[in-house]
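J.: The sequence and its predicted three-dimensional model are supplied below.
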There are 2 protein chains.
Amino acid sequence: MRVKILGSGAGGAFPQWNCGCSNCRRLRLGSFHGSARSQAQVAVSGDGEAWFLLNASPDLRYQIEATPELRPRDMGRNSPIRGVILSGADLDLCLGLLLLREWHSLQVYSTAGVRAAITGGNRFFSTLERMPGQLNWQEVDQGTAHPFQCDCLRFSLLPLGGHYPSWVASSSECPAEQAVSAIAIETGSQSLAYLPGLPRVTPELVETLSACDVLLIDGTFWSEEELIQVEPNGRRASEIGHVPMSGSGGTLEALSDLGGVRRIYIHINNTNPVLDESGPEYRAIREAGWELAFDGMEIEL
Amino acid sequence: MRVKILGSGAGGAFPQWNCGCSNCRRLRLGSFHGSARSQAQVAVSGDGEAWFLLNASPDLRYQIEATPELRPRDMGRNSPIRGVILSGADLDLCLGLLLLREWHSLQVYSTAGVRAAITGGNRFFSTLERMPGQLNWQEVDQGTAHPFQCDCLRFSLLPLGGHYPSWVASSSECPAEQAVSAIAIETGSQSLAYLPGLPRVTPELVETLSACDVLLIDGTFWSEEELIQVEPNGRRASEIGHVPMSGSGGTLEALSDLGGVRRIYIHINNTNPVLDESGPEYRAIREAGWELAFDGMEIEL
């Protein structure tokens, strides 16, 4: 399995268009020890030919063009991108679907709840239904392995608890337990777990994650109140579905016993001090055995 | 008035993610005599401090960061972007609104019909209503001049005929005549007309355009059937609201008598042969006195 990290930032990316926080300001000035990051986006392939996207970020157009493997290979309209697996309904996970609207046939896999949340009453999506077979949206049960792409890869959606984004009106069409999933991708012998959002850590989740080879997981915030410090209207990390890295119950502590799992933080918010590679937070995660995903990172497993 | 061209391409940009046409292929190979173009986006300012966006492209995040004038100037959350004027409801004109969702107060101006087309039933837009005064959408009558930005600029929306995009269900909330407008911006003595879509040319329109100083107008297609040649599902230029450049009734012919008006093509599709600056089509427009907008272009008037 080949894994390409097309984007490693959180919603809004780094730098963020309307943010003058210390990280964003120093990055623009060229004095920051770290790199810009587009919004979180991963692509996987079993054979290096057909590619599947894990979520669809608002930066997808730029991310595809920056990745030679994802560019058209023939004349006329074509693309090696076959489909999209969605882990949730947040706009930074799904807006990119609307960027793939130029008469291209796509498979989309999500829970029924996430599909209803995204498309319910939203006529923008009619633009993806202009030709027969343009968008084949398949609702997937959580916890079951589904084959895709010539049987060499399988994927599962694993329920994580958490909530739909605040713009989703609560309705019976959007069952709460289907709001946020981990995406697990496996070959016969190797597995990747992708969790750009992590509402909470349970003993069962730790056990599941212990069994994977590579873990790409929520690195949105360093601390619980980080967002409030730059944005008075902001909320605590736990209120918007993210366990922070540090502190009691943070992922550095809660996921310290994952044995031989390669652990990589992704979906890193522009405010997170870990982005500064000369700082103590970055040193702390590296000393604890973690990596920080970056745009263009490649993983083979 | 300062005018910045942040993007000069049509929907899908150049190169387009799933396109292997001659233009896109040669651009990727580095053998093309012309430059990449992001999706059409213009910003204007009367004082160089407060900026207004003409439409909101899906590439807006990258376009803002590439433009020093539009980056935050202070610490914390802030932006010199005050608002957006919409000329229509196409996704390449409005999706960028959803990229400006990080707790920033914005004025949005459009016809009532365009507002209804974009926001009708679309709960994505609730994300722009999370704090009081976040999105102040003002419905504007066509043909009337509206002041904005410390009275030094005024704008008007001028009806052009044409249709809403195909994903808009026909409804009485979306009056046909409000679907597509020109945006005219004027200072006391100078004026700019912006028409990224041009459904048809009428004698009245020619008269109106003759009175402006700078014209930024629909350069989507060179010829009527250009899109069908690369995409069998594609439609004729006139079916999707664009008068082509060439041929009988094309803009080169129909707008040849605009006197002293500075005439610039924008919203140029990836398939348009005019993008090749070594080709006869580019030579033809230059010899006819036209310019081709490019990303990063600046105009002062």
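T.: Happy to help now that I have it.
J.: For burial, what's the neighbour tally of the closest residue to chain B within the stretch 151-300 of chain A?
T.: Closest to chain B within the stretch 151-300 of chain A is residue A:167: 3.8 Å, counting by CB to the nearest CB. Every residue, glycine included, has its C-beta placed from N, CA and C. By the criterion of other CB atoms under 10 Å in any protein chain shown, residue A:167 has 19 neighbours.
J.: State whether it is indeed within a strand.
T.: No. Under DSSP: H, G, I helix; E, B strand; the rest coil, residue A:167 falls outside any strand and is assigned coil.
J.: Grab the nearest non-local neighbour of it.
T.: Distances taken as CB to CB, 6 or more residues apart in numbering or on different chains put residue B:126 closest to residue A:167, at 3.8 Å, once the chain neighbours are dropped.
J.: you'd agree residue A:83 is up against residue A:52?
T.: Yes. Residue A:83 is within contact range of residue A:52, at 5.2 Å (criterion: CB atoms under 8 Å).
J.: Specify which residue of those two has the higher count of neighbours.
T.: More crowded of residue A:83 and residue A:52, by other CB under 10 Å: residue A:52, with 23 against 19.
J.: Just confirm that one is within a strand.
T.: Yes. Checked against three-state DSSP, residue A:52 lies within a strand.
J.: Would you map the helices across chain A?
T.: Counting by DSSP state H, chain A has these helices, from start to end: A:22-29, A:60-65, A:91-94, A:112-119, A:203-210, A:226-230, A:251-254, A:280-287.
J.: thinking again about what came up before, which residues are in contact with each of residue A:83 and residue A:52?
T.: Common contacts of residue A:83 and residue A:52, defined by CB atoms under 8 Å, 6 or more residues apart in numbering or on different chains, comprise residue A:148.
J.: tell me the phi and psi of residue A:277?
T.: phi -70, psi 0 (degrees, to the nearest 10).
J.: what about chain A, any weak spots by pLDDT?
T.: Residue ranges of chain A with pLDDT under 70: A:149-151.
J.: mind checking how far the most far-flung residue of it relative to its centre is from residue B:20?
T.: Distance from the C-alpha centroid of chain A peaks at residue A:75, with 31.1 Å (CA atoms, centre = their mean). Relative to residue B:20, residue A:75 is positioned 5 Å away (CB to CB, to the nearest Å).
J.: re the thing from before, select, out of the helices of chain A, the one closest to residue B:60.
T.: Residue B:60 lies closest, by CB to CB, to one member of these: helix A:60-65, at 11.5 Å.
J.: residue contacts, the residue most central in space within chain A?
T.: Nearest to the mean C-alpha position of chain A, counting by CA atoms, centre = their mean, stands residue A:196 at 4.1 Å. By CB under 8 Å, 6+ apart, the contact set of residue A:196 is A:40, A:55, A:87, A:88, A:93, A:216, A:217, A:218, A:266, A:267.
J.: Now render those residues as a markdown table, adding neighbour count and distance to residue A:140.
T.: Output for the contacts of residue A:196, formatted as a markdown table (neighbours: other CB atoms under 10 Å in any protein chain shown; distance: CB to CB, whole Å):
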| residue | neighbour count | distance to residue A:140 |
| --- | --- | --- |
| A:40 | 31 | 20 |
| A:55 | 28 | 14 |
| A:87 | 24 | 11 |
| A:88 | 29 | 13 |
| A:93 | 29 | 15 |
| A:216 | 29 | 20 |
| A:217 | 26 | 21 |
| A:218 | 26 | 21 |
| A:266 | 27 | 22 |
| A:267 | 30 | 21 |
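J.: still on that earlier bit, and residue B:140, which of the helices of chain A is closest to it?
T.: Within these, the stretch nearest residue B:140 is helix A:91-94; the backing value is 26.7 Å (CB to CB).
J.: neighbouring contacts of the closest one?
T.: Contacts with helix A:91-94, where a contact means CB under 8 Å, 6+ apart, come from A:10-12, A:39-40, A:55-58, A:86-88, A:118, A:165, A:167, A:196, B:98, B:101, B:124, B:127.
J.: how about 10 Å then?
T.: With CB atoms under 10 Å, 6 or more residues apart in numbering or on different chains as the test, helix A:91-94 has contacts from A:7, A:9-13, A:39-41, A:54-59, A:84, A:86-88, A:108, A:110, A:114-115, A:117-119, A:165, A:167, A:180, A:196-197, A:267, B:98-99, B:101, B:124, B:127.
J.: End to end on stretch A:117-127, go ahead and measure it.
T.: With CA to CA, to the nearest Å applied, stretch A:117-127 spans 17 Å between its terminal residues.
J.: follow-up on the earlier one: out of the helices of chain A, which is closest to residue B:279?
T.: The closest of those to residue B:279 is helix A:60-65. By CB to CB, the value is 22.9 Å.
J.: Output the contacting helices and strands for the closest one.
T.: On a contact count with 3 or more CB pairs under 10 Å, 6 or more residues apart in numbering or on different chains; DSSP states H and E, helix A:60-65 meets strand A:2-7, strand A:41-45, strand A:51-54, strand A:81-85, helix B:22-29, helix B:60-65.
J.: Dump the ones you listed into TSV; add distance to residue B:289 as well.
T.: Shown next, in TSV, are the helices and strands packed on helix A:60-65 (distance: least, CB to CB, whole Å):
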stretch	distance to residue B:289
strand A:2-7	43
strand A:41-45	43
strand A:51-54	45
strand A:81-85	42
helix B:22-29	24
helix B:60-65	28
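J.: Would you mark the buried spots in stretch A:57-70?
T.: By 16 or more other CB atoms under 10 Å in any protein chain shown, the buried positions in stretch A:57-70 come out as A:57, A:58, A:59, A:60, A:61, A:62, A:63, A:64, A:65, A:67, A:69, A:70.
J.: Ignoring the adjacent residues along the chain, who's closest to the second one?
T.: Computed as CB to CB, 6+ apart, the closest residue to residue A:58 that is not its neighbour in sequence is residue A:95, at 4.3 Å.
J.: wait, doesn't residue A:220 sit right on residue A:268?
T.: Yes. Between residue A:220 and residue A:268 there is a contact at 6.6 Å, judged by CB atoms under 10 Å.
J.: what residues are shared contacts of the two?
T.: Joint contacts of residue A:220 and residue A:268 (CB under 10 Å, 6+ apart) are A:9, A:10, A:40, A:245.
J.: hey, what's residue A:37 bridged with?
T.: Counting by DSSP bridges, residue A:37 forms beta bridges with residue A:14.
J.: In contact with it, which residues?
T.: By CB under 10 Å, 6+ apart, the contact set of residue A:37 is A:5, A:7-10, A:13-15, A:27, A:59, A:266-270, A:275, A:292-295.
J.: one more time with 8 Å
T.: Contacts of residue A:37 were listed using CB under 8 Å, 6+ apart, and they are A:7, A:8, A:9, A:13, A:14, A:268, A:275, A:294, A:295.
J.: Now do it against residue B:198, distance only.
T.: With CB to CB as the criterion, residue A:37 and residue B:198 are 39 Å apart.
J.: for residue A:203, same thing?
T.: 62 Å.
J.: Neighbour count: those two, which is higher?
T.: Neighbour count, other CB under 10 Å: between residue A:203 and residue B:198, residue B:198 has more, with 25 against 8.
J.: Now that one. Nearest residue, chain neighbours left out?
T.: Excluding the flanking residues, the one nearest residue B:198 by CB to CB, 6+ apart is residue B:218, at 3.7 Å.
J.: Tell me the bridge partners for that neighbour.
T.: Listed beta-bridge partners, residue B:218: residue B:266 (assigned using DSSP bridges).
J.: got the contact list for the nearest residue in space to residue A:193 that is not next to it in sequence?
T.: Spatial nearest neighbour of residue A:193, excluding adjacent residues (CB to CB, 6+ apart): residue A:212 at 4.4 Å. Applying CB under 8 Å, 6+ apart, one finds that residue A:212 lies in contact with A:184, A:191, A:192, A:193, A:261.
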